[in-house]
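Asks: Here is the input, now give the coordinates:
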Amino acid sequence: MGLLAILGGAVGTYFGGPAGGAIGSALAGAFEGSQAIGQASDVQQQAAQAGINENRGQFEAVQKLLAPFVAVGAPALEQQQALLGLRGPEAERAAIQRISGGERFKALAEQGEGALLSRASATGGLRGGNIQAALGQFRPALLSNLIEKQYGQLGELATLGQSSAAGVGTAGMNTGARIANLLGEQGAAQAGGIMGQSQAYNLPGIFGTIAGRLPAFAPPVSDNGYSVGVGSAYGGQRRGF
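Replies: Numbering: from 1, shown residues only. Next comes the predicted model:
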């Protein structure tokens with residue numbers, strides 16, 4: 001039970017009669033109004049909090065969805081830099097050796113050299129200088145071609161990671177803006193509830209309401225040097241104040 005409800009009941013019991021009823025009614029009305037304002041404020045704050053939780057959940061879902069694409073972007077860019085020599089000569093050599101020692105290079109080299117030898121055998125030129133020159137140039141040309149292709153493929157992965165990271169960043173900014181608005185709504189609802197309850201508990205206004213409901217109250221009169229309160233106007237009971 002609220003403070004004004006207790007106070008209203010106590011005052012109503014004390015005065016009794018119409019006066020007590022009017023005072024108790026006014027104080028109880030103030031309590032009920034304050035309680036309704038508080039409940040409305042709570043509902044608004046809960047709705048704003050639900051919106052905040054939903055926005056955060058959606059952002060986490062987007063972040064999780066794009067995480068694998070974001071994860072490949074940075075390593076791909078580093079490998080591109082290594083192939084260009086931007087990460088030092090050792091990193092460049094290691095990047096090239098990964099390609100020249102890879103299974104793709106080995107398989108393509110064997111297939112290509114086998115095709116050259118088969119063609120030379122068919123034409124009787126296995127011992128000629130042309131086939132030896134072709135074989136000597138084949139592997140370097142193949143390696144150069146594979147380096148160029150891998151650099152392009154790494155670029156696609158780096159671009160994918162960059163665009164995915166930008167998507168996460170945009171989602172984060174939009175989520176932040178929406179949450180900021182909802183936090184503002186929460187603050188406004190809380191402040192409105194506080195102000196509304198403060199007005200509901202405005203005692204001068206309550207007593208003004210009481211006075212308006214009791215137009216028949218008689219002014220205090222003096223009886224043997226004592227002030228006789230409103231109770232004497234209802235029921236003849238005298239109480240000094």
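
Asks: which stretches of the protein aren't confidently modelled?
Replies: Along the chain, segments meeting pLDDT under 70 span 1-41, 43, 124-129, 189, 191-241.

Asks: can you map out the helices along the chain?
Replies: Using DSSP state H, the helices of the chain run over residues 3-15, 17-83, 89-100, 103-123, 129-200, 203-213.

Asks: tilt between the longest one and helix 89-100?
Replies: Here helix 129-200 points in a direction 110 degrees away from that of helix 89-100 (axes from the mean of the first three to the mean of the last three Cα atoms, to 10 degrees).

Asks: who does helix 129-200 touch, helix- and strand-wise?
Replies: Judged by 3 or more Cβ pairs under 8 Å, 6 or more residues apart in numbering; DSSP states H and E, helix 129-200 is in contact with helix 17-83, helix 89-100, helix 103-123. Heads up, the C-betas are built off the backbone N, CA and C, glycines and all.

Asks: Take the ones you listed and write them to a markdown table, including distance to Leu143 and mean neighbour count.
Replies: Shown next, in a markdown table, are the helices and strands packed on helix 129-200 (distance: least, Cβ to Cβ, whole Å; neighbours: other Cβ atoms under 10 Å):
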| stretch | distance to Leu143 | mean neighbour count |
| --- | --- | --- |
| helix 17-83 | 12 | 16 |
| helix 89-100 | 5 | 14 |
| helix 103-123 | 7 | 13 |
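
Asks: And these: which comes nearest Ala165?
Replies: helix 17-83 (4.9 Å; Cβ to Cβ).

Asks: that older thread, ok, which of the helices and strands packed on helix 129-200 comes nearest Gln153?
Replies: helix 17-83 (8.3 Å).

Asks: Rebuild the helices and strands packed on helix 129-200 as TSV, extending it with distance to Gln186.
Replies: TSV is the format used below for the helices and strands packed on helix 129-200 (distance: least, Cβ to Cβ, whole Å):
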stretch	distance to Gln186
helix 17-83	4
helix 89-100	52
helix 103-123	58
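
Asks: Gly167: which of the ones you listed is closest?
Replies: Per Cβ to Cβ, nearest to Gly167 of the helices and strands packed on helix 129-200: helix 17-83, 5.7 Å.

Asks: Out of the helices and strands packed on helix 129-200, flag the one nearest Leu154.
Replies: Closest approach to Leu154 among the helices and strands packed on helix 129-200 (Cβ to Cβ): helix 17-83, 4.5 Å.

Asks: What sits closest to Ile99 if chain neighbours are left out?
Replies: In this structure, Ile99 finds its nearest non-sequential neighbour in Leu146, 5.3 Å apart by Cβ to Cβ, 6 or more residues apart in numbering.

Asks: any idea how far Gln45 is from that neighbour?
Replies: For Leu146, the distance to Gln45 (Cβ to Cβ, to the nearest Å) stands at 62 Å.

Asks: again, but for Gly51
Replies: Counting by Cβ to Cβ - Gly51 and Gln45 are separated by 11 Å.

Asks: swap in Pro140?
Replies: Counting by Cβ to Cβ, the gap from Pro140 to Gln45 is 71 Å.

Asks: Could you do Phe105 as well?
Replies: 64 Å.

Asks: quick one: contacts for the closest residue to Ala76 other than its chain neighbours?
Replies: Excluding its sequence neighbours, the residue lying closest to Ala76 (Cβ to Cβ, 6+ apart) is Leu157, at 3.7 Å. Taking Cβ atoms under 8 Å, 6 or more residues apart in numbering, we find Leu157 in contact with 72-73, 76.
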